[in-house]
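J.: sequence and predicted model, in that order:
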Amino acid sequence: MSDTSYSNNEGCLKLLSHFDKFSARRQVSVSRLLLLDGHGSYCTREFISLCNKKYIIPFCLPPHTTHLLQPINVIVFQSVKHFHAQAIDYATRTRCTDFNKLEFLSAIISIRSLAFKLTTINSFFRKTGLLPYCPTVVLNRLLQFNTPTSDRPVTSTLSLSQAPPISTPYTVPSLKSQAEYLQDSDPGSLIFKVNLDQFIKGSLTHPGT
């Protein structure tokens with residue numbers, strides 16, 4: 001970690017050395033591919049020179065596409081957030097009123113072991129079309145974004161505050177938030193029914209409800 005907690009040139013060189021050390025154990029050909037976002041620290045002369053020396057091919061993803069192409073963004077962050085919320089919920093139930101940095105550090109090992117399962121890792125490469133190589137996985141999603149407004153479902157024209165939650169609420173705070181949302185929604189609307197179904201699903205799987 002850098003002194004400022006932000007990425008810098010020195011830290012990225014250490015990251016590259018880390019990648020070289022562990023990926024070399026599974027190397028099956030002369031070169032290895034390293035997928036990167038477009039951060040400037042990955043485009044320095046030192047970084048590229050070290051890649052050439054180690055026969056590593058750095059490939060920067062196109063700008064503004066990491067939400068579609070970067071495996072961590074597509075799958076892993078959502079999983080980590082889910083288990084992080086569970087850890088906070090558990091701490092709250094055990095009368096921990098302040099989930100601070102120390103509490104987080106004590107829980108991060110468990111969070112990582114739950115989020116970074118082999119099935120999850122395989123899934124995020126597959127859902128970004130990287131392995132197995134399948135560009136249509138991403139291209140089809142781009143086509144959905146470019147669909148004319150008249151052909152889109154009515155729900156897509158709703159504002160962000162009216163849209164249904166991304167996932168089913170499983171924690172106490174998210175259940176409370178969902179309940180408050182339902183109280184202010186129109187019971188006859190399609191959005192209300194979607195949110196109600198999610199609320200019921202989360203309640204049935206929640207301990208003690």
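T.: Great, that's in hand.
J.: quick one, strands of this protein?
T.: Assigned by DSSP state E, the strands in the chain fall at 32-36, 56-60.
J.: okay, domains of this protein per the record?
T.: 9-60, 66-146, 153-209 (automatic domain parsing).
J.: can I get those in a markdown table with mean pLDDT and distance to residue 3?
T.: Placement of C-beta: from N, CA and C, glycine included. Output for the domains of the chain, formatted as a markdown table (pLDDT from 0 to 100; distance: least, CB to CB, whole Å):
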| stretch | mean pLDDT | distance to residue 3 |
| --- | --- | --- |
| domain 9-60 | 89 | 10 |
| domain 66-146 | 83 | 17 |
| domain 153-209 | 60 | 34 |
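J.: would you list those in TSV and tack on mean neighbour count?
T.: Output for these, formatted as TSV (neighbours: other CB atoms under 10 Å):
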stretch	mean neighbour count
domain 9-60	13
domain 66-146	14
domain 153-209	13
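J.: can you pull the contacts of the spatially most central residue of the chain?
T.: Nearest to the geometric centre of the chain sits residue 77, at 2.4 Å (CA atoms, centre = their mean). For residue 77, no residue meets the contact criterion (CB atoms under 8 Å, 6 or more residues apart in numbering).
J.: measure residue 3 to residue 10 for me?
T.: The span separating residue 3 from residue 10 equals 10 Å under the rule CB to CB, to the nearest Å.
J.: can you check residue 70 too?
T.: 23 Å.
J.: again, but for residue 49
T.: Noted for residue 49: a distance of 15 Å to residue 10, by CB to CB.
J.: got it, and residue 122?
T.: 33 Å.
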